[in-house]
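Trainee: quick one, fold the following:
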Amino acid sequence: MAFSKTPRFIAGAVCPRCSAMDRLRVYNEDGTDYRECVDCGFKQEQHIQPQVREIETRVNTSQEERKAQEQVVKILPLDDDN
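Mentor: Presented below is the predicted three-dimensional model:
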């Protein structure tokens, strides 16, 4: 279940049937997500569940992964030829 039971309009969404912009709303009814156009009555069940991807941080990466990303920097001396 991705949407709430309260219908919410989706900004910039275009109806696939009548091409009206900003007239689609999404909501959840009996555990199923729907999108619906308030102009033409188009209604479609949503089967796509959002993919939740955890952002990689130093907390959720292993020590081996952090070690593999380390880079050694060598500082060269300045030439006194000037």
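Trainee: could you confirm Val26 falls within a strand?
Mentor: Yes: assessed with DSSP: H, G, I helix; E, B strand; the rest coil, Val26 lies in a strand.
Trainee: quick one, what contacts it?
Mentor: Each residue near Val26 by Cβ atoms under 8 Å, 6 or more residues apart in numbering is listed here: 3, 7-8, 10, 33-36, 46. Heads up, the C-betas are built off the backbone N, CA and C, glycines and all.
Trainee: cutoff 7 Å now
Mentor: 3, 8, 10, 33-35 (Cβ atoms under 7 Å, 6 or more residues apart in numbering).
Trainee: mind giving me the ChimeraX select for those, buried ones only?
Mentor: A single ChimeraX command selects the buried members of the contacts of Val26 (16 or more other Cβ atoms under 10 Å):
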select :3,33,34,35
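Trainee: can you tell me which of the contacts of Val26 are in strands?
Mentor: Among those, the members found in strands (DSSP state E) are 8, 33-35.
Trainee: one step back: pLDDT and distance to Lys67 for the contacts of Val26 - can I get that in CSV?
Mentor: Below are those laid out as CSV (pLDDT from 0 to 100; distance: Cβ to Cβ, whole Å):
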residue, pLDDT, distance to Lys67
Phe3, 78, 42
Arg8, 92, 45
Ile10, 91, 44
Asp33, 90, 43
Tyr34, 93, 48
Arg35, 93, 47
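Trainee: cool, thanks, signing off.
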